[in-house]
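A.B. asks: Just a sequence and a predicted model for now, questions to come.
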Amino acid sequence: MLNQKPFSPACERNQQPIAEILKHVFKPVEHVLEIGSGTGQHAVYFARAMPWLHWQPTDVADNIPGIQAWINDAELPNLQQPRVLDVSQDNWPEQRYDAVFTANTLHIMAWNCVQRLIYNASQKLELNGYLAIYGPFNYAGNYTSESNARFDQWLKQQSVHSSIRGFEAIQELATFYSLELCNDYPMPANNRILLWKKTS
């Protein structure tokens, strides 16, 4: 039923501009692993917008029923059943993927989980596969907007582990795990899409 599906206004606002970037970047891609699918709105929207992709949504166990509700209503042949994936655990799929995508996850997880996410994403990517991360980032230790500064203070009030991540720290991790930065796309609402390619 429609009223049983979780709904995120932020997902509703950002899915179209994200899709415009991904439709270009993911043209050669077939299999995508989404980390932290949240409500499931992005998975449905992107699978519908990019019918050549096989989209695998994942999240922690508590969020799976909501994602399943969106998938059931969408009835898309290229949208896989949601899988439980907790980045702090070793329950990653055995399969390798042409691309890994995650949106608005790095700033709500602990730094050791960010490290595990980047590492495991690199391990699950095929050679020349893409890692795409959407969300807010700081540059040279500075906020990119007053709204991001306020958002970061709010995050830290919610959890001592949460904060907007610095681009340089994420880039250092990615480089260490053989991920080469391809692009840094500016997005609406002071967000970015960072795109890396696995080089070895």
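C.D. replies: Perfect, thanks for sending it.
A.B. asks: next helix or strand past the strand ranked longest in the chain?
C.D. replies: Assignment by DSSP state E gives strand 125-135 as the longest strand of the chain. Sequence-wise, the next helix or strand downstream of strand 125-135 (DSSP states H and E) is strand 137-138.
A.B. asks: average model confidence for the longest strand of the chain?
C.D. replies: Averaged across strand 125-135, pLDDT comes to 98.
A.B. asks: which phi and psi does residue 40 have?
C.D. replies: Main-chain torsions, residue 40, degrees, to the nearest 10: phi 100, psi -10.
A.B. asks: surely it meets residue 70?
C.D. replies: Yes: between residue 40 and residue 70 there is a contact under CB atoms under 8 Å: 3.5 Å. For the C-beta atoms, the positions are set from N, CA and C on the backbone; glycine is no exception.
A.B. asks: mind listing the helices for the chain?
C.D. replies: 9-25, 41-49, 64-74, 111-124, 146-158, 167-176 (DSSP state H).
A.B. asks: Go ahead and name everything in contact with the fifth one.
C.D. replies: In other words, helix 146-158. Residues outside helix 146-158 that contact it (CB atoms under 8 Å, 6 or more residues apart in numbering) are 107-108, 136, 138, 143, 162-164, 189-190.
A.B. asks: From those residues, list just the buried residues.
C.D. replies: Among the contacts of helix 146-158, those classed as buried by 16 or more other CB atoms under 10 Å are 107, 136, 138, 143, 162-164, 190.
A.B. asks: could I get those residues as JSON lines with distance to residue 18?
C.D. replies: Output for the buried ones among the contacts of helix 146-158, formatted as JSON lines (distance: CB to CB, whole Å):
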{"residue": "107", "distance to residue 18": "16"}
{"residue": "136", "distance to residue 18": "14"}
{"residue": "138", "distance to residue 18": "20"}
{"residue": "143", "distance to residue 18": "21"}
{"residue": "162", "distance to residue 18": "22"}
{"residue": "163", "distance to residue 18": "22"}
{"residue": "164", "distance to residue 18": "18"}
{"residue": "190", "distance to residue 18": "14"}
